[in-house]
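1. Build me a structure from this.
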Amino acid sequence: MLKIENLSVHYGMIQAVRDVSFHVEQGEIVSLIGANGAGKTTILRTISGLNRSSGGTITFEGNEIQKTLPQKIVASGLCQVPEGRHVFSGLTVQENLEMGAFLRKDKEFKKEYDMIFERFPILKERKNQDAATLSGGEQQMLAMGRALMSKPKLLLLDEPSMGLAPIFIQEIFNIIQEINKQGTTILLIEQNAKMALSIADRGYVLETGSIVLSGTGKDLIDDEEVKKAYLGG
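-> Purely as a prediction, here's the structure:
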């Protein structure tokens, strides 16, 4: 579904991503783990068209997209939930969800609203509330619900557990698995490496802009180097 080949990204003279190659098959959860500054968010932003690559190719469903505008990437079925949630303050929960469907040609959203409110009951309770007044966990649910309103085929999740209480972290990871089981492919970036790998079909380890290790989620959890570096083992 998604194929990254020899991707490089620069910020001025600084190379943030170096010849990265990986792929995501339809129906998978793939986790990309690494320390702060390893280049994880840069890769996601480049896939989404928010950053421009300085080399390599990004192919989504057979089409190269590295020069495609972000809105056209979203319209093609690839949507990102950004790090830090970035809900629209001053808009209600329901208005935030409507913004997620902005690029859809059909304007019949009842089915999606029902699905999102069933999955996130707290959002239904808060649907007329300003999104800025929600807790961190509720805002994360809203950001995920907003992305799902676009009916994505592939969902990119950037640090969904960041800043959340433990009770919300487990709930968010349960929801990620549910979304995947219902047919949405997931590319997950997450500093909570143990949680990320525990739900992943496959994973990649990123260090200073390069992939240094890959394997199934279970293999990486059991890997001694991964344990030492990321799992506190």
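2. Give me the buried positions along the lowest-mean-pLDDT helix or strand in the chain.
-> Ranking every helix and strand in the chain by mean pLDDT, DSSP states H and E puts helix 110-119 at the bottom, with a mean of 85. Judged by neighbour count (16 or more other Cβ atoms under 10 Å), helix 110-119 contains these buried residues: 112-113, 116-117, 119. All C-beta atoms are positioned from the backbone trio N, CA, C, and that covers glycine.
3. So what would you say the end-to-end distance of stretch 84-104 is?
-> 24 Å (Cα to Cα, to the nearest Å).
4. Show residues contacting it.
-> 71, 74-75, 107, 109, 112-113, 116, 123, 126-132, 134, 136, 139-140, 142-143, 145-151, 159, 162 (Cβ atoms under 8 Å, 6 or more residues apart in numbering).
5. which residues touch the most centrally placed residue in the chain?
-> Geometric centre of the chain, nearest residue: residue 157, 1.3 Å, by Cα atoms, centre = their mean. By Cβ under 8 Å, 6+ apart, the residues touching residue 157 are 80-81, 144, 176, 186-190.
6. Just name the closest of those residues to residue 13, please.
-> Nearest to residue 13, judged by Cβ to Cβ, of these is residue 189 at 24.9 Å.
7. Select only the buried ones of the contacts of stretch 84-104 in ChimeraX?
-> To isolate the buried ones among these in ChimeraX, judged by 16+ other Cβ under 10 Å, type:
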select :74,75,109,112,113,116,123,126,127,130,131,134,139,140,142,143,145,146,147,148,149,150,151,159
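8. Restricted to helices, list the contacts of stretch 84-104.
-> 71, 74-75, 112-113, 116, 123, 136, 139-140, 142-143, 145-148 (DSSP state H).
9. Which members of the residues you listed are the farthest-apart pair?
-> Every pair of the ones in helices among the contacts of stretch 84-104 checked by Cβ to Cβ; the farthest is 75 and 136, at 29.4 Å.
10. Residue 117 and residue 124 touch, don't they?
-> Yes. Contact between residue 117 and residue 124 holds when scored by Cβ atoms under 8 Å: they sit 3.8 Å apart.
11. Counting by contacts, list what the top helix by length along the chain packs against.
-> Secondary structure of the chain per DSSP H: the longest helix is helix 166-181. Under the contact definition 3 or more Cβ pairs under 8 Å, 6 or more residues apart in numbering; DSSP states H and E, helix 166-181 sits against strand 29-33, helix 110-119, helix 136-148, strand 185-189.
12. so where do the strands sit in this structure?
-> Using DSSP state E, the strands of the chain run over 2-11, 14-24, 29-33, 55-60, 63-64, 78-81, 154-158, 185-189, 202-207, 210-216.
13. Mind putting those into a markdown table with mean pLDDT?
-> What follows is these, written out as a markdown table (pLDDT from 0 to 100):
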| stretch | mean pLDDT |
| --- | --- |
| strand 2-11 | 97 |
| strand 14-24 | 96 |
| strand 29-33 | 97 |
| strand 55-60 | 97 |
| strand 63-64 | 97 |
| strand 78-81 | 95 |
| strand 154-158 | 96 |
| strand 185-189 | 97 |
| strand 202-207 | 95 |
| strand 210-216 | 94 |
